[in-house]
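J.: one predicted model, sequence on top.
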Amino acid sequence: MSESLSSANDAGAPLELSLVVPIFNEEESVGPLVERICEAMAQYPSSWELILVDDGSTDATLVNAKKYAGRAGLTLRIVELQRNFGQTAAMQAGIDTARGRLIATMDGDLQNDPKDIPSMVSELERRELDLLVGWRKNRQDGLLLRKIPSWCANYLIGRITGVKLHDYGCSLKIYRASIIKQVKLMGEMHRFIPAWVAGVVPSSRIGEVPVTHHARQHGVSKYGISRTFRVILDLLSVMFFMRYKARPGHFFGSLGLGFGAIAALILLYLFFDKFILGNDIGTRPMLMVGVVFLLSSVQLITTGILAEMIARTYYRDDASPNYIVRQIFDGSQS
């Protein structure tokens, strides 16, 4: 059974904080996770809710999560996705479902510590930020396969996007709901959330704070070294969207004009060589190079014009979600 997320957003009174946790095949972790969250939030002075997004788990994750429905002092909502859509889509589903003025996100593998959340909320309010990112300063992961690729990725992302953070990959973040709900997450772009938020608010309203990081206790990591290559491709997409999303014609047009300038120089030189100096140019490789650059220039400029047309269609597109919800379980179902 499918349910409209918009109707879920309207149900009930607004809360102060929504804690969103995507989970996938975490049957051993989900129980201790809920226990730790309840313990960490026991002294939180304002209203809060926990939203678990089951991203098409094939084990007992969903069954174990539902055991905590109706627990005293816990407002639990479980969003069950129809299949595995990936962490980004699961996070988007949780954000869309959240009713809190603030939204916190974290991983469901027990590596993030929910005890950091209350202090992060206070820090975000004190510094008047729109996004506060966790920094796993003492990261409990392997050096070669996790830490070094992460350091390289963080440096590259900071250089290209202009949002300089120590740890883009930490899922423990606090957002103002009014800001993060203006950002649509797609693909595997959850690791670039600060860059997307920087497209909505000034980067000065994005901060970071050191947080606790634990070694994985149950299950296996869903990520490997292959993620590094996907990050590079995603980073190129982020760079394009941040700089040229509303004017893609400038990107392709600039390349086209550059190629055209090279073609013009080559062909002018050959023209001078042929008609002024009287040399034969019919078999010269430079002639073929000049023609290829000229054709490439025309093609890139044409692509830029088409991209501008597509961009205008994109801005009129409906905001259809990149996930399908099977049902939302809030404890009222039997």
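T.: Thanks, I have it.

J.: residue 115 and residue 214: what is the separation?
T.: Using Cβ to Cβ, to the nearest Å, residue 115 is found at 11 Å from residue 214. Every C-beta, even on glycine, is put in place using the N, C-alpha and C of the backbone.

J.: one more: residue 249?
T.: Applying Cβ to Cβ, the value for residue 249 to residue 214 is 48 Å.

J.: ok, these two, which is more surrounded?
T.: Shown here are residue 249 and residue 214; by other Cβ atoms under 10 Å, residue 249 has more neighbours (19 against 12).

J.: so what's that one up against?
T.: When contacts are counted by Cβ atoms under 8 Å, 6 or more residues apart in numbering, residue 249 touches 304-305, 307-308.

J.: where's residue 167 relative to residue 30, distance?
T.: 24 Å.

J.: quick check on those two: which one has the bigger neighbour count.
T.: residue 30 (29 against 20).

J.: and that one, what does it touch?
T.: Taking Cβ under 8 Å, 6+ apart as the test, what residue 30 contacts is 23, 52, 61, 64-65, 108.

J.: which one of the contacts of residue 249 is nearest to residue 89?
T.: For these, the closest approach to residue 89 (Cβ to Cβ) belongs to residue 307, at 25.4 Å.

J.: leaving out sequence neighbours, find the closest residue to that closest one.
T.: residue 248 (3.6 Å; Cβ to Cβ, 6 or more residues apart in numbering).

J.: so which of the contacts of residue 30 belong to helices?
T.: Counting by DSSP state H, the members of the contacts of residue 30 that fall within helices are 61, 64-65.

J.: looking at these, state which has the most neighbours.
T.: Ranked by neighbour count under the definition other Cβ under 10 Å, the ones in helices among the contacts of residue 30 are headed by residue 65 with 26 neighbours.

J.: that older thread, for PyMOL, write a command that selects the buried ones of the contacts of residue 249.
T.: In PyMOL, a selection of the buried entries from these looks like this (16 or more other Cβ atoms under 10 Å):
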select buried, resi 304+307+308
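
J.: make TSV out of the contacts of residue 249 and add pLDDT.
T.: Listed next are those as TSV, based on pLDDT from 0 to 100:
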residue	pLDDT
304	87
305	87
307	84
308	80
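
J.: how about JSON lines for the contacts of residue 249, with secondary structure and distance to residue 276 added?
T.: Formatted as JSON lines, those follow (DSSP: H, G, I helix; E, B strand; the rest coil; distance: Cβ to Cβ, whole Å):
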{"residue": "304", "secondary structure": "helix", "distance to residue 276": "35"}
{"residue": "305", "secondary structure": "helix", "distance to residue 276": "36"}
{"residue": "307", "secondary structure": "helix", "distance to residue 276": "40"}
{"residue": "308", "secondary structure": "helix", "distance to residue 276": "40"}
